[in-house]
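> Whatever this is, show me its structure:
(2 chains, ligands or ions: 3)
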Amino acid sequence: MSANSIDKASVSDIVDRFGSRPEMLVQILQSIVQVHGWISEDVIRQLASDLNLSRADVHGVVEYYHDFRTSPPGKHIVKVCQAEACQAMGSRELTSHAEQAVGKDTTLEDVYCLGNCACAPAVMVNGRTHGRVDAERFDTLIGALEGRD
Amino acid sequence: MAAVKIYVPRDTTAVSVGADDVALAIAQAAKARSAQIEIVRNGSWGACWLEPMVEVLVGEQRIAYGNVAPEDVPGLFDAGLLEGGEHEKRLGPVNEIDYLISQDRWTFWRVGLTESLSLDDFLAHQGFKALQKAWETGPDAVIEAVTQSGLRGRGGAGFPTGIKWRTVADTEADQKYIACNADEGDSGTFSDRMLMEGDPFGLIEALAIAGFAVGADKGYIYLRSEYALTHTILSRAIDTARDAGWLGENIQGSGFDFDIELHLGAGSYVCGEETAMLESLEGKKGIVRYKPPLPAIEGLFGKPTVVNNVVTLASVPNIVNLGGERYADMGVNRSKGTLAFQLAGNIRRGGLVEKAFGITLRELIEGYGGGTASGRPLKAVQVGGPLGAYLTADQLDTPLDYEAFVDIGALIGHGGIVVFDDTANMALQARFAMEFCAIESCGKCTPCRIGSTRGVEVIDRLIGGENREENYDLLVELCDTMEDASLCAMGGMTPYPVRSVLRHFAEDFAEGKQ
Ligand SMILES: Cc1cc2nc3c(=O)[nH]c(=O)nc-3n(C[C@H](O)[C@H](O)[C@H](O)COP(=O)(O)O)c2cc1C
Ligand code: SF4
Ligand code: FES
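Ligands and ions are numbered 1, 2, ... in the order given. Below is the predicted model of the structure:
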């Protein structure tokens, strides 16, 4: 993930992979976010021209979906589940703890259900879901992250 | 000596509590001891509280060990793991675990049993038998069996599946689609996920049967993006099926063409609503469409489309194999067959329990679930996701039956059951219901978009003890407006949990309780 620009060629590759089909816009954006972490204004411009869509259309889609970040995330992405099954097992307290515990290089986000509701509370760290997470386990998980400040 | 088979589930929940590390530890221990083993990655049986659950095939029996941690592995080998040896983590033969054998596994029968990504194992367990039978009997017989089974949509609305399929089949069009709803957004639900991770070929077969029945040659699966491991498993299964000629043109020489495209969602709850999902599949914002036209008439790209939930579809192969009547023999009243209930939240034995309709909440929560995880008294239960009412301990004898739930102002939805103990503050839960609606509203209707934001403010004032009566009335009024004037259930049913808290837990709004 690069800091504040997204490689044009890499975006073109992704667009190609989806056959440059405008109806694949959500899939294309999802792939870009998975590779680069976010969607920049340049990407929106590029997609609009490559897919023959208006910039307003692409903008609208980017803004609509929670997954499509419009600023670069930190080196690590930690999502704490905020939905009911996790609330019933202390996710509110865990969230307060997480806010204190994560480093400056980490983006902390809300997520609403990871499908891990029988082993709540659930947390996703860089795309991997962890269950039965209390404060201590949370600290172990983020302690294991590479290159923390 | 042949290699000993050791099963370690590759399932999000099992992996979330260490199953991959356990598999690695087992491989290392076996290597160090020069033991011949084969690690099989199955789905989870659904006894989530026992995960990671490891099984060893000894003779004909699979001996289970529960809550295995990587640190336990050397000790397990010392105790004779490969012969099913005694150990404090040993649970005994998996087919003697009460929680599992007392279930009515119709839809989930292969989940846990088979190696998820092995097409051979799938074929050895009735795989694609129903599709082949469908080819023999013809599309009408398939729709007839589904109609006879009484199967209703498991995604939430409970609409009869046979009627939906008949409508699409009878609508003339040059192109039709199957759209499988795998958005599983409700909190407390994970049955779609477990099915896709544990029996991905089963879902592929189900989509193909649906396609054959209604005359569609293309299926879409709309999978929530939060399900990263599911995505890996499902995409691999689709590729494997295609490579083996079970997807694509002229499947197995039958003359039937069918292929599947897997799409990811992007973190929007409303995209689980069927028309919003179709918009999203078309690459657009997930904004709910007006109905009519029904998706069955004008769905994806304006073409007749069957929209069905994962579990709805996955129930069909056995209906084709065993007949609709067999399915309809289970259940009560107009709730036929089984539902994969999901026990979640503050519950001792959380997991998936597939049972015939008619079982009571008490049997599920106390019998299977063993009460709260904390050991404290149960305070509330939310059934059916974020739009479901909060029920009290006095309502646990309600049978799981769509109509019986409607009668008490509740819903079964996708079968998620979330338990709260007496430390829960229900005013905060009511606030969350409104807040979630405000975050997730697609924005099309004012009562939902603005009403939910106002709802949060009013609840905050109530909690703060401000003009109590006035704010109480205001909240009830807001609920009325949202219920009456919202286009979909997001705005229309968010009042359910809110009202249930006002009705049953009003004391939690008292000052200083938060
Ligand atoms: C706000 C909202 C969210 C929904 N989320 C889902 C979902 O995540 N999965 C699902 O299968 N159905 C969901 N539904 C229900 C679908 O609109 C639709 O009824 C269902 O996919 C039809 O399939 P079925 O008949 O097999 O249940 C949702 C409905 C609403 C109003
Ligand atoms: S009720 Fe809410 S989510 Fe549903 S269509 Fe209206 S604004 Fe969109
Ligand atoms: S509610 Fe948190 S994982 Fe489902």
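
> helix, strand or coil for residue 95?
Using chain A here. Put simply, A:Thr95 is helix when judged by DSSP: H, G, I helix; E, B strand; the rest coil.

> was I right about it contacting A:Val80?
Yes: contact criterion CB atoms under 8 Å: A:Thr95 and A:Val80 qualify, at 5.1 Å. C-beta here means a position set from N, CA and C on the backbone, and glycine is covered the same way.

> Among those two, which residue is more densely surrounded?
Shown here are A:Thr95 and A:Val80; by other CB atoms under 10 Å in any protein chain shown, A:Val80 has more neighbours (26 against 18).

> In terms of helices and strands, where is the residue nearest to B:Gly323 when sequence neighbours are not counted?
Once flanking residues are discounted, B:Gly323 sits nearest to B:Ala145: 6.3 Å by CB to CB, 6 or more residues apart in numbering or on different chains. Using DSSP states H and E, B:Ala145 sits within helix B:139-149.

> C-terminal to that helix, what's the next element?
helix B:161-170.

> can you pull the buried residues of that next one?
Of all the residues in helix B:161-170, those buried under the rule 16 or more other CB atoms under 10 Å in any protein chain shown are B:Thr161, B:Gly162, B:Lys164, B:Trp165, B:Arg166, B:Thr167, B:Val168, B:Ala169.

> burial measure for the residue nearest to B:Gly323, as a count.
26.

> need the contact list for it.
Residues near B:Ala145 by CB atoms under 8 Å, 6 or more residues apart in numbering or on different chains: B:Ile319, B:Val320, B:Gly323, B:Gly324.

> Let me see the confidence value for the last one.
Spelled out, it's B:Gly324. B:Gly324 carries a pLDDT value of 98.

> Ok, the one 5 residues further on next?
According to the prediction, B:Asp329 has pLDDT 98.

> cool, B:Met1 as well?
pLDDT recorded at B:Met1 is 65.

> wait, does stretch B:22-35 contact chain A?
No: on the criterion CB under 8 Å from any CB of the partner chain, stretch B:22-35 is out of touch with chain A, staying 13.8 Å away.

> Report the residue spans of chain A with pLDDT below the cut-off.
For chain A, applying pLDDT under 70 flags the ranges A:1-3, A:147-149.

> Distance check, the spatially most central residue of it against ligand 1.
Nearest to the geometric centre of chain A sits A:Asp67, at 5.6 Å (CA atoms, centre = their mean). As judged by CB to the nearest ligand atom, to the nearest Å, A:Asp67 and ligand 1 stand 15 Å apart.

> OK, contacts around that residue?
When contacts are counted by CB under 8 Å, 6+ apart, A:Asp67 touches A:Leu29, A:Gln30, A:Val33, B:Ser225, B:Gly265, B:Ala266, B:Gly267.

> so who does the third one touch?
The neighbours of A:Val33, taking CB under 8 Å, 6+ apart as the test, are A:Ile39, A:Asp67, A:Phe68, A:Arg69.

> The second one now?
Applying CB under 8 Å, 6+ apart to A:Gln30 gives the contacts A:Asp67, A:Phe68, B:Ser225, B:Leu264, B:Ala266.

> rerun at 10 Å
Contact partners of A:Gln30, counting by CB atoms under 10 Å, 6 or more residues apart in numbering or on different chains, are A:Ile14, A:Met24, A:Tyr65, A:Asp67, A:Phe68, B:Ser225, B:His263, B:Leu264, B:Gly265, B:Ala266, B:Gly267.

> How many residues are close by the first one?
Yep, that's A:Ile14 we're talking about. 22.

> Return the residues in contact with it.
A:24, A:27-32, A:34-36, A:43, A:47, A:50.

> Apart from its neighbours in sequence, what residue is nearest it?
Counting by CB to CB, 6+ apart, A:Ile14 lies nearest to A:Ser31, which is 4.8 Å off, once chain neighbours are set aside.

> That's all I had, so thanks and see you.
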